[in-house]
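Engineer: Next come a sequence and a model predicted from it.
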Amino acid sequence: MSKRDLFWVVSQMQAIVERYPCWGDTVEVDTWVGAHGKNGMRRDWHIRDSVTGHTILKATSKWVMMNKLTRRLARIPDEVRTEIEPYFFEHTSIADEDDRKLPKLTDLERATVAKYVRTGLTPRWADLDINQHVNNVKYIGWILESAPISILEKHELASIVLDYKRECGRDSVLQSHTTVHTDCSNDSGETTLHCEHLLSLESGPTIVKARTMWRPKGTKPQETMLPSSS
């Protein structure tokens, strides 16, 4: 891939947090790769409490190949495909992926629910990866910059879906938009929330679209026991 000026970039990611580990807990992580369509790759994760076997987090992601020089998507060369296919494992950690349409900026602007905006976000040198664009994990922090503090104080993140649209570099200036929706109360009477997020360059182009689900702190999650993927 290096000889061909190719590298992998994440295009979508979804994570579901069933429970948060506590100080002193020991966790075990299973991760594997698989094919996604004709020209992509998927990586999944399953994190468990190593003592009880209870699921802590499940996540899946989709990856595509990009040309380092043109910054355009590229097909997987046959030589690369032949090398990686023996490692593919056709099993997904999340069976029901959240494929609901994520918002456009105009949708957030026209929404009648509460909206929050944070502007002037800029990357630091430590936020850049080897390809000189911002690491995809940094985008999550920027997305949450515009989430209201009342949610962060009283709720915990239950799930997140991210749709990466384009990269940004060290000179980029971004703005983060969050729209808050109140969902129905659950069986315990607690009200859950979901937020729609959009991260864009201040010049206009969209970088990331996202959706987050939040549950009140102290809510007991449903424990799930799943067999090991090994």
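Structural biologist: That came in fine, so what should we check first? Numbers count the residues shown, from 1 in each chain.
Engineer: how close does the closest residue to Pro205 other than its chain neighbours get to Gln14?
Structural biologist: Of all residues not flanking Pro205 in the chain, Arg166 sits nearest, at 6.2 Å (Cβ to Cβ, 6 or more residues apart in numbering). The way it works is simple: take the backbone N, C-alpha and C, and place the C-beta from them, glycine included. Distance, Arg166 to Gln14, using Cβ to Cβ, to the nearest Å: 19 Å.
Engineer: of those two, who's got more company?
Structural biologist: Gln14 (22 against 13; other Cβ atoms under 10 Å).
Engineer: List the contacts of Ile143.
Structural biologist: With contact set as Cβ atoms under 8 Å, 6 or more residues apart in numbering, Ile143 has these partners: Leu162, Ser176, Thr178, His197, Leu199, Val208, Ala210, Thr212.
Engineer: and which of those residues is nearest to Glu90?
Structural biologist: Nearest to Glu90 among these is Leu162, at 23.2 Å by Cβ to Cβ.
Engineer: That closest one and Gln12 touch, don't they?
Structural biologist: Yes: counting by Cβ atoms under 8 Å, Leu162 does reach Gln12; the two are 6.6 Å apart.
Engineer: neighbour-wise, which of the two wins?
Structural biologist: Neighbours were counted for Leu162 and for Gln12 using other Cβ under 10 Å; Leu162 has more, 23 against 20.
Engineer: Low-confidence bits of the protein, can you list those?
Structural biologist: Within the chain, the ranges that satisfy pLDDT under 70 run 95-101, 103-114, 183-191, 220-230.
Engineer: one more time with 80, if that's ok
Structural biologist: 38, 94-114, 131, 182-192, 218-230 (pLDDT under 80).
Engineer: what's the single longest helix in the chain?
Structural biologist: Scanning the chain for the helix with the most residues, using DSSP state H, yields helix 136-145.
Engineer: after it, next one along is what?
Structural biologist: Remark: after helix 136-145, the chain's next helix or strand is helix 149-154, criterion DSSP states H and E.
Engineer: Please compute how far that next one lies from its chain's middle.
Structural biologist: Per Cα atoms, centre = their mean, to the nearest Å, the displacement of helix 149-154 from the mean C-alpha position of its chain is 20 Å.
Engineer: Kindly report the same for stretch 48-59.
Structural biologist: Centre-to-centre, stretch 48-59 and its host chain are 19 Å apart (Cα atoms, centre = their mean).
Engineer: Can you give me the buried ones in that stretch?
Structural biologist: Buried residues in stretch 48-59, counted by 16 or more other Cβ atoms under 10 Å: Arg48, Asp49, Thr55, Ile56, Leu57, Lys58, Ala59.
Engineer: Name all residues that make contact with the residue nearest to Pro205.
Structural biologist: By Cβ under 8 Å, 6+ apart, the contact set of Arg166 is Pro205, Thr206, Ile207.
Engineer: top of those residues by neighbour count?
Structural biologist: Result: Ile207 is most packed of these (other Cβ under 10 Å), 21 neighbours.
Engineer: so that one makes contact with Ser200?
Structural biologist: Yes: at 5.8 Å, Ile207 and Ser200 qualify as touching, with contact defined as Cβ under 8 Å.
Engineer: Spit out the residues that contact the two alike.
Structural biologist: Leu174.
Engineer: Tell me where the protein has strands.
Structural biologist: Using DSSP state E, the strands found in the chain span residues 6-17, 27-36, 40-49, 55-67, 73-74, 114-121, 155-164, 174-185, 191-201, 206-216.
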